[in-house]
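[1] Sequence and computational prediction follow.
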Amino acid sequence: MTTAPAQDMHDQHVIITGGGTGVGAQIALSFAQCGAQVTVLGRRIEPLQDVADRTGALALTADVTDRASLDAALDRAREVHGPVSIAIANAGAADSAPFSKMSVDAFQSSLDVNLTGVFNLWQAALPDMLKLGGGRMIAVASTAGLKGYSYVSHYCAAKHAVVGLTRALALELGPKKITVNAICPGFIETPLLEKSIEKIIASTGMPDSDARASLMSGNPQKRFVQTSEVAGAAIWLCSQSAFSVNGHALALSGGEV
Ligand code: NAP
């Protein structure tokens, strides 16, 4: 993990879903390094507690697809850190299947976590931002929100919808001094990517290095995006100098899109 850009966030309460692993854990670390009050949410307490131990964050379990569970976690987070000024909807999941074999349940489940989870967090945090007179909403979407990929049609549909939600809300909430943006990374080295690589190896028999190269091949820089790059973009989107950036889908993909 690398150092976050210096920025004073002592007066900010940032809540990060999926904050126990991968991108979310790095975002939590970067905001903590900037002095923000950090709350991390997810379904498993162990990885969240590990991030909390390293950053001083508040770790709370919640399922982003279950609005009551999310609302209860936000109530507890407010008791500890005050109103939420930055809501980062990062929780997500990506399994894969050809469209012809994709069950309706798998399709719905992808929409639930990758799309409705964003809706739930942002809507739950909105009253705080309205009271504060401003705030920042960020979704960790994906290049799958900007272009198609084979075998993840449910994930692409959900991430495209997150970009649409972002653009619409930016118009609606702009007058309230709330900015709404999506970060759209290409493949990043995280537990989620490792699962995809394992699946490619299991289904094709490819060696590990070939499976990794096949995923990197779409990125003109021929590398995976780093979690620190996503965290850096999130910090910048929360800076005063990014206040005019609203309704944007920021691709972090080495030029892939
Ligand atoms: P990850 O390490 O698997 O992180 C996903 C996180 O989401 C986990 O901490 C998981 O924690 C949490 N989560 C999943 N379902 C949840 C639910 N229903 N309620 C609450 N939390 C839930 O993978 P990652 O790569 O860091 O993914 C973070 C985001 O980046 C995702 O939105 C993903 O789509 C996006 N992204 C990833 C890549 C990539 O190549 N890795 C590329 C572009 C975009 P629990 O299991 O404990 O709940």
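    That came through fine.
[2] burial of the residue lying closest to residue 119 once chain neighbours are set aside, as a residue count?
    The shortest distance from residue 119 to any non-neighbouring residue, by Cβ to Cβ, 6 or more residues apart in numbering, is to residue 165 (6.7 Å). Every residue, glycine included, has its C-beta placed from N, CA and C. Number of residues near residue 165 (other Cβ atoms under 10 Å) recorded here: 20.
[3] Residue 165 sits in which helix or strand?
    Element membership of residue 165, judged by DSSP states H and E, is helix 153-173.
[4] List the buried residues in that helix.
    The neighbour-count check on helix 153-173 (16 or more other Cβ atoms under 10 Å) flags 153-163, 165-167, 169-170, 173 as buried.
[5] Using CSV, write down the CA coordinates of that helix.
    This file holds the C-alpha atoms of helix 153-173, laid out as CSV (Å, rounded to 0.1, in the frame of the first residue of the first chain):
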residue,chain,number,x,y,z
SER,A,153,-23.4,-9.3,-19.2
HIS,A,154,-25.1,-8.9,-15.8
TYR,A,155,-22.1,-7.1,-14.3
CYS,A,156,-21.8,-4.8,-17.4
ALA,A,157,-25.6,-4.0,-17.2
ALA,A,158,-25.3,-3.1,-13.5
LYS,A,159,-22.2,-1.0,-14.0
HIS,A,160,-23.6,0.8,-17.0
ALA,A,161,-26.7,1.6,-14.8
VAL,A,162,-24.5,3.0,-12.1
VAL,A,163,-23.0,5.4,-14.6
GLY,A,164,-26.6,6.4,-15.6
LEU,A,165,-27.6,6.8,-12.0
THR,A,166,-24.5,9.0,-11.4
ARG,A,167,-25.3,11.3,-14.4
ALA,A,168,-28.9,11.7,-13.4
LEU,A,169,-28.1,12.4,-9.7
ALA,A,170,-25.4,14.9,-10.6
LEU,A,171,-28.1,17.0,-12.2
GLU,A,172,-30.6,16.5,-9.3
LEU,A,173,-28.1,17.2,-6.5
